[in-house]
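[1] here's a sequence, model it:
(one chain, ligands or ions: 2)
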Amino acid sequence: MNLLSAQNLSHTFEYKLFEDVSLELNREESIAIIGMSGSGKSTLLHILSTLLIPEEGSVSLFGESVSSMNRKRLGEIKRYDLGLVFQSHYLFNGFSAYENLEVAELLSGEKIDNTLLEHLNIKECIDQKVTQLSGGQQQRVSIARVLTKQPRIIFADEPTGNLDKETASQVMKLFFEYCKRSGAGMILVTHDNELAHKCDKVYKLENRQLVKIQ
Ligand SMILES: Nc1ncnc2c1ncn2[C@@H]1O[C@H](COP(=O)(O)OP(=O)(O)OP(=O)(O)O)[C@@H](O)[C@H]1O
Ligand SMILES: [Mg+2]
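    Numbers count the residues shown, from 1 in each chain. Ligands and ions are numbered 1, 2, ... in the order given. Okay, here's the model as predicted:
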């Protein structure tokens with residue numbers, strides 16, 4: 001059984017973004033999606049991660065069709081199995097970085113991993129309020145929060161957009177290692193071609209089609 005299977009997805013906002021998009025994600029696999037700004041990458045990621053209902057087509061997660069899940073089942077899957085890192089971070093602003101990780105710990109029942117904080121280089125700022133952190137620090141805290149959950153699928157939308165090249169590459173290494181170690185899969189949206197090509201497969205969203213280029 002694969003982790004995710006998407007069949008014939010289409011979606012339209014002001015214009016038709018894409019049609020007939022199909023995609024499979026296996027365990028330990030990483031998939032990159034590239035494409036011009038406005039081509040619909042984030043929209044596609046929202047559909048794959050159950051946040052948006054597609055106009056046409058269907059998504060299955062862990063062998064279950066998302067459209068046939070009741071609210072409780074969908075809630076469980078979101079809470080325990082899906083890890084989302086988006087373009088904006090959605091941390092709780094009134095809380096410290098550490099308190100944000102404690103929320104993830106509480107919700108998922110997994111423990112905060114100190115080595116992860118070291119690897120992400122956020123130990124020094126962990127007690128500061130989210131609003132006092134730099135953009136890159138906020139991004140690394142939101143990555144720590146997602147990895148704390150130990151999800152089965154990571155959906156990441158430009159997760160290293162606010163980071164310098166070296167930090168970005170260290171952060172991505174953590175994601176790749178996590179997937180191999182725990183059999184998880186990752187779908188990564190990025191404008192960084194070099195990073196995209198570190199993934200097992202690369203797709204480009206172009207002319208409303210998702211085309212495999214690696
Ligand atoms: N909730 C929404 N309501 C209406 N239009 C939307 C919505 N979300 C996205 N769009 C439109 O859909 C198009 C694709 O947006 P999307 O965010 O998916 O692009 P993207 O490929 O992720 O771009 P970028 O690389 O700039 O992040 C844009 O024209 C955007 O304005
Ligand atoms: Mg986007």
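[2] how is the residue nearest to the spatial centre of the chain assigned, secondary-structure-wise?
    By C-alpha atoms, centre = their mean, the chain has its centre lying nearest to residue 155, at 1.8 Å. Judged by DSSP: H, G, I helix; E, B strand; the rest coil, the three-state class of residue 155 is strand.
[3] spell out which parts of this protein neighbour ligand 1.
    With the criterion set to C-beta under 6 Å from any ligand atom, the chain comes near ligand 1 through 13, 14, 17, 35, 37, 38, 39, 40, 41, 42, 43. Every residue, glycine included, has its C-beta placed from N, CA and C.
[4] ok, the residues you listed vs residue 52, which is closest?
    Using C-beta to C-beta, residue 43 is the member of the residues of the chain next to ligand 1 that sits closest to residue 52, with 6.8 Å.
[5] residues contacting the closest one?
    Residues touching residue 43, when contacts are defined by C-beta atoms under 8 Å, 6 or more residues apart in numbering, comprise 11, 13, 17, 52.
[6] now do 10 Å
    Counting by C-beta atoms under 10 Å, 6 or more residues apart in numbering, residue 43 touches 9, 11, 12, 13, 17, 18, 51, 52, 54, 205.
[7] buried set for stretch 19-37?
    Using 16 or more other C-beta atoms under 10 Å as the test for burial, stretch 19-37 gives 19, 21, 23, 25, 29, 30, 31, 32, 33, 34, 35.
[8] tally of neighbours for the closest residue to the residue nearest to the centre of the chain other than its chain neighbours?
    Nearest in space to residue 155, with sequence neighbours left out and distances taken as C-beta to C-beta, 6 or more residues apart in numbering, is residue 49 at 4.4 Å. The local packing of residue 49 (other C-beta atoms under 10 Å) involves 22 other residues.
[9] ok so, going back, ok, the residue nearest to the centre of the chain to ligand 1 distance?
    Plainly put, residue 155 is 13 Å away from ligand 1 if you go by C-beta to the nearest ligand atom, to the nearest Å.
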